[in-house]
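*Asks:* Provided below are the primary sequence and the corresponding predicted coordinates.
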Amino acid sequence: MNKAKLIAQPGTHELTLTRDFDAPRELVFRAHTDPALIARWWGLRNATTVIDKMEVKQGGIWRYVQTDPDGNDWAFHGVYHQITPPERLVYTFEFEGMPGHVLLETITFEALGSSKTRIIDSSVFQSVVARDGMVANGMEEGANESWDNLDEVLETLTKEA
């Protein structure tokens, strides 16, 4: 499996994660907008993800709750700002364990021929300190684990198609 490439220029509020997937863009986009699919891949492998709310429309809200093996819950939520199938999603992202630290996330789905997709995930933080804190607390490792899960889900869906 390939890993995400993280770019976090010093002194900026933004970071970008990029990774290629062996699946058509429409399918990768669907995996990001279908609650049943998101529950299968989003988050850490040893946690269970429940989609509490998910209104994939401009102004719609989303909320995911992860439960770890010890029964601890970790919730995340946001608001969709732009949905352009199958090209782009723009939404806010906030970890409920650290309220007030909201970032704006833009996911671009770039077709690489007819059977591959590059995800470019750009996050803009409220401060450089907030961005650097997220990186220091394992954001890259967490993204790679989630995207490894996504790879497996996409492989299953591609075989079913």
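*Replies:* Right, received. Where do you want to start?

*Asks:* quick one: the strands in this protein?
*Replies:* Assigned by DSSP state E, the strands in the chain fall at 5-7, 14-21, 48-54, 61-67, 73-84, 88-95, 102-112, 116-124.

*Asks:* now do the lowest-mean-pLDDT helix or strand in the chain and strand 116-124, the angle between them.
*Replies:* Least confident helix or strand, the chain: helix 128-136 with a mean of 89, by mean pLDDT, DSSP states H and E. On the basis of axes from the mean of the first three to the mean of the last three C-alpha atoms, to 10 degrees, helix 128-136 is oriented at 140 degrees to strand 116-124.

*Asks:* pull out the buried positions in helix 128-136.
*Replies:* Residues 130-131, 134 are the ones in helix 128-136 that count as buried (16 or more other C-beta atoms under 10 Å). Just so you know, the C-beta spots here come from the backbone N, C-alpha and C atoms, and that holds for glycine as well.

*Asks:* try stretch 80-87
*Replies:* 80, 83, 86.

*Asks:* and what of stretch 92-100?
*Replies:* Using 16+ other C-beta under 10 Å as the test for burial, stretch 92-100 gives 93-94.

*Asks:* how long is it from one end to the other?
*Replies:* Terminal residues of stretch 92-100 are spaced 11 Å apart (C-alpha to C-alpha, to the nearest Å).

*Asks:* ok, residues contacting that stretch?
*Replies:* Contacts of stretch 92-100 with the rest of the structure, by C-beta atoms under 8 Å, 6 or more residues apart in numbering, involve 74-79, 81, 101-105, 123.

*Asks:* how far off centre is that stretch?
*Replies:* Stretch 92-100 has its C-alpha centroid displaced from the chain centroid by 14 Å (C-alpha atoms, centre = their mean, to the nearest Å).

*Asks:* repeat that for stretch 11-24.
*Replies:* How far stretch 11-24 lies from its chain's middle: 10 Å, per C-alpha atoms, centre = their mean.

*Asks:* which parts of stretch 23-31 are buried?
*Replies:* 23-25, 27-31.
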